[in-house]
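Novice: Quick one: sequence and predicted model below, then my questions.
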Amino acid sequence: PIPCVPWQSQTSGQYQRRVHGQEFNRECSKKGLAYNVGFVPVSVLHLKTNEGRRLIYNVEPMLKGHYLKHNDNDGHVETNLLLPQAFSHYTHERSNNLLVVVDIQGVGSFYTDPQIHSFDGEGFGLGNMGQEGLTKFLKTHNCNDICRLLGLPAVTVKETDYEMARRLQEEEMKGAKPRKNSLMLTSVRYKKQKEELLEQFRLGM
């Protein structure tokens with residue numbers, strides 16, 4: 001069994017990673033590249049105990065062989081193999097930057113239990129870190145030869161739009177009190193100037 005998350009999220013994630021895997025394989029084949037990836041299927045197992053309790057498990061076939069974890073959902077790269085990192089980059093680019101498939105692990109190029117980060121943080125289980133997850137991937141990804149062979153644009157992110165927006169918002173919050181005081185001073189100055197103008201107007205009449 002794999003980590004138990006709502007089965008709808010698991011099946012939705014299975015569909016997305018399978019589609020991106022198939023597209024990746026087709027594009028590699030068209031370009032004459034001998035690379036392909038696959039994902040083990042996920043099934044939902046419904047059980048009922050003797051006491052009448054209903055249990056739901058997500059299950060996968062067991063992978064046999066040398067198991068490796070290549071990257072995780074927190075931006076860490078854990079092996080120097082090119083294919084897993086290029087595949088993650090591919091999913092981000094071909095989804096129009098709306099998601100990325102990470103937490104790539106398995107035997108050879110047959111993977112299991114990946115995580116999807118989406119731009120809005122919706123769906124795909126509790127591990128979906130949304131924009132934060134996308135940003136962490138982009139900031140640690142180093143494009144490799146497979147990325148270049150696939151024609152993927154280089155990732156040279158130092159600060160994403162999301163990070164810049166957050167930084168500007170934090171700076172605005174930090175500066176809120178001084179600005180408030182400044183506005184108060186401006187209001188006092190405006191009131192004084194208004195009174196002076198009214199006085200001049202009365203004297204002129």
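Specialist: Cool, got the structure. Numbers count the residues shown, from 1 in each chain.
Novice: quick one: the helices in this structure?
Specialist: 7-30, 82-94, 130-140, 145-149, 161-174, 176-204 (DSSP state H).
Novice: Select from those the stretch with the lowest mean pLDDT.
Specialist: The weakest mean pLDDT among the helices of the chain belongs to helix 176-204, with a mean of 56.
Novice: For stretch 112-132, buried residues please.
Specialist: Buried residues in stretch 112-132, counted by 16 or more other CB atoms under 10 Å: 112-119, 124-125, 127-132. For every residue, glycine as well, the C-beta is placed using N, CA and C.
Novice: What separates the first and last residues of that stretch, distance-wise?
Specialist: Using CA to CA, to the nearest Å, one end of stretch 112-132 lies 23 Å from the other.
Novice: residue closest to the middle of this structure?
Specialist: By CA atoms, centre = their mean, the mean C-alpha position of the chain lies nearest to residue 134, the distance being 2.9 Å.
Novice: how near is that residue to residue 157?
Specialist: Note on residue 134: its distance to residue 157, by CB to CB, to the nearest Å, is 10 Å.
Novice: what does residue 163 give?
Specialist: For residue 163, the distance to residue 157 - CB to CB - is 9 Å.
Novice: what do you get for residue 164?
Specialist: Taking CB to CB, one finds residue 164 at 11 Å from residue 157.
Novice: Of those two, give the one with the bigger neighbour count.
Specialist: residue 157 (15 against 11; other CB atoms under 10 Å).
Novice: Does that one touch residue 139 like I think?
Specialist: Yes: between residue 157 and residue 139 there is a contact at 5.5 Å, judged by CB atoms under 8 Å.
Novice: show me what contacts residue 157?
Specialist: 135, 138, 139 (CB atoms under 8 Å, 6 or more residues apart in numbering).
Novice: Repeat the analysis, applying 10 Å as the threshold.
Specialist: 134, 135, 137, 138, 139, 140, 141, 163 (CB atoms under 10 Å, 6 or more residues apart in numbering).
Novice: again, but for residue 109
Specialist: 21, 25, 35, 36, 37, 38, 81, 83, 84, 87.
Novice: need the residues you listed in a markdown table with distance to residue 172 and neighbour count, can you?
Specialist: As requested, these are exported to a markdown table (distance: CB to CB, whole Å; neighbours: other CB atoms under 10 Å):
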| residue | distance to residue 172 | neighbour count |
| --- | --- | --- |
| 21 | 42 | 21 |
| 25 | 46 | 17 |
| 35 | 46 | 18 |
| 36 | 48 | 16 |
| 37 | 43 | 23 |
| 38 | 47 | 16 |
| 81 | 43 | 16 |
| 83 | 43 | 20 |
| 84 | 39 | 26 |
| 87 | 38 | 29 |
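Novice: Tell me the one of these nearest residue 104?
Specialist: Of all the contacts of residue 109, residue 84 has the smallest distance to residue 104: 4.1 Å, by CB to CB.
Novice: From residue 108, how far out is the closest one?
Specialist: 11 Å.
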